[in-house]
Every structure is written in structure tokens, then in C-alpha cells.
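Trainee: Build me a model:
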Amino acid sequence: MPVFRLNKNEICFPDQRLAREDGLLAVGGDLSVERLLLAYTHGIFPWFNPGEEILWWCPHERYLIFPESIHVSKSMKKYMRKHPFQLVINRDFQDTMHRCRIKREQQEGTWISDEMETAYLALYKSGFAVSVEVYEDEELAGGLYGVFIGKCFFGESMFSEKKNGSKVALIAWAKFLKEKEVGFIDCQFYTEHLESMGGQYVSWKKYEALLLKGLALNS
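Mentor: Okay, the predicted model is just below:
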């Protein structure tokens with residue numbers, strides 16, 4: 001199946017069902033706020049190596065965490081009782097995203113380039129991205145960032161500065177999203193870490209229905 005090439009001067013995407021088996025849908029285009037919003041509201045997201053062309057993905061199966069079903073192990077519950085955390089939203093979006101970048105660069109490498117940082121900061125300033133941080137004893141322990149549209153949250157990356165920092169941030173954020181009746185956390189792809197937190201695959205048909213429902217609740 002061919003990969004579609006996008007025109008920078010035209011904000012559009014091909015039908016999501018035309019994505020390749022690995023999820024790749026299109027290349028090119030730009031990372032403007034308008035294109036990013038169109039992408040996320042149609043189940044599409046950018047993911048590419050720094051210095052390379054923009055790649056747009058739409059996996060046939062999606063990996064989600066449902067806020068009401070996030071898994072908190074006995075050891076994590078015990079840890080959180082011993083180490084009270086404070087949840088802070090939008091403390092410093094730019095700093096949180098950059099911390100995610102640095103942590104990944106120190107490990108297996110990252111897709112979070114200067115171009116991505118600039119694009120998602122613009123998305124944040126437009127009111128469609130959010131950062132989440134947790135503090136332990138007034139010290140930053142960890143956090144995450146993502147795209148927040150309607151009742152849909154699309155997770156992008158996490159970081160830890162202290163033991164279990166990113167896990168606690170995700171657990172606290174899921175609790176917040178449950179209270180706000182947000183339908184899902186879109187993790188995009190599978191990882192063992194996300195599986196341990198209660199992640200699960202859903203079909204494109206189910207994902208699309210959840211997406212449309214979450215977006216309709218914002219209208």
C-alpha cells in the first residue's frame with residue numbers, strides 16, 4: 001500500500017483506513033497547529049526521527065488506558081501512601097516537554113526534536129496541549145505531557161526525576177481524567193510499562209467510536 005505525500009500548502013490527510021499495516025499513513029506536510037489538530041481529531045499523530053521527514057501514523061489497533069481502569073500495583077499503593085505527592089497541571093509545559101526529551105536522549109533516543117518542541121508549545125499556547133507534574137516533598141518527581149481535545153487525551157511522553165515519578169504522574173492524571181469523565185488516554189503504541197499500568201489494545205472501529213464520542217462532548 002502506498003504512503004501518501006502531503007502538501008505543505010493544503011491542510012488535509014488521506015482516509016485513516018488507508019494506513020499501512022505498520023500504521024504509517026503519510027509523509028511530509030508541516031507541524032502547524034491547524035494540521036496537528038486535524039490529525040489528532042482523526043486519530044493521526046506525527047512520529048519521526050529528528051532531521052528526517054515528518055511521518056504521520058494511524059495504527060489499525062490503538063493502545064489505550066481507560067482512566068477508570070488504570071492498574072495500581074500493591075507496591076505502588078504502598079509507595080504512594082509513604083510518599084504523598086502533589087499534582088500540578090501546566091506548571092511549565094516547555095520545561096516538562098524538554099525534560100521528557102532529555103530523559104529519552106539519555107536512554108534509547110528520542111523523536112522530540114527542536115521542531116517538535118516548537119510545534120507542541122504552539123499547541124499548548126492555543127489551549128490544546130497540557131503538561132502534568134507531581135511533586136514529592138516540594139521537589140519535582142516526574143511528569144508527562146500530551147494533547148487534550150474535548151474529552152480525549154493523547155499521551156506523548158513521560159519523565160521521572162525521582163523513583164516512580166512518571167508512574168505516579170500517570171496514576172494521578174488518570175484519576176483527574178476520570179473525575180472529568182474523559183474517555184481514554186491514547187498511548188498510541190504498546191510498551192511493557194504501559195501494559196503494566198493497565199494498557200490494552202482496541203480495534204480501530206472501537207477507537208474511532210470513542211474518539212468521536214469524546215470530541216462530540218466538547219461541542
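Trainee: What residues sit buried inside the longest helix seen in the chain?
Mentor: Longest helix of the chain, by residue count under DSSP state H: helix 165-179. Across helix 165-179, burial judged by 16 or more other CB atoms under 10 Å covers 165-174, 177. No exception for glycine: its C-beta is placed from N, CA and C like everyone else's.
Trainee: all helices of the protein, in order?
Mentor: 33-40, 74-82, 93-105, 114-125, 165-179, 192-196, 204-216.
Trainee: CA atoms only for the shortest one, dumped as CSV, please.
Mentor: To tie it back to what came earlier, the one meant is helix 192-196. Included here for helix 192-196 are C-alpha records, laid out as CSV according to Å, rounded to 0.1, in the frame of the first residue of the first chain:
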residue,chain,number,x,y,z
GLU,A,192,5.6,-3.2,28.6
HIS,A,193,5.5,-0.3,31.0
LEU,A,194,2.1,0.8,29.7
GLU,A,195,0.8,-2.7,29.8
SER,A,196,1.7,-2.9,33.5
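Trainee: I'd like the distance between the residue minimising distance to the centre of the chain and residue 177.
Mentor: Central residue of the chain (CA atoms, centre = their mean): residue 155, 1.5 Å from the mean position. Distance of residue 155 to residue 177, given as CB to CB, to the nearest Å: 10 Å.
Trainee: repeat for residue 8
Mentor: From residue 8 across to residue 177, the span is 34 Å (CB to CB).
Trainee: Surely residue 148 and residue 131 touch.
Mentor: No: taking contacts as CB atoms under 8 Å, residue 148 lies outside contact range of residue 131: 10.2 Å.
Trainee: Next up, the contacts around residue 83.
Mentor: Residues near residue 83 by CB atoms under 8 Å, 6 or more residues apart in numbering: 136-137.
Trainee: No more questions from me, cheers.
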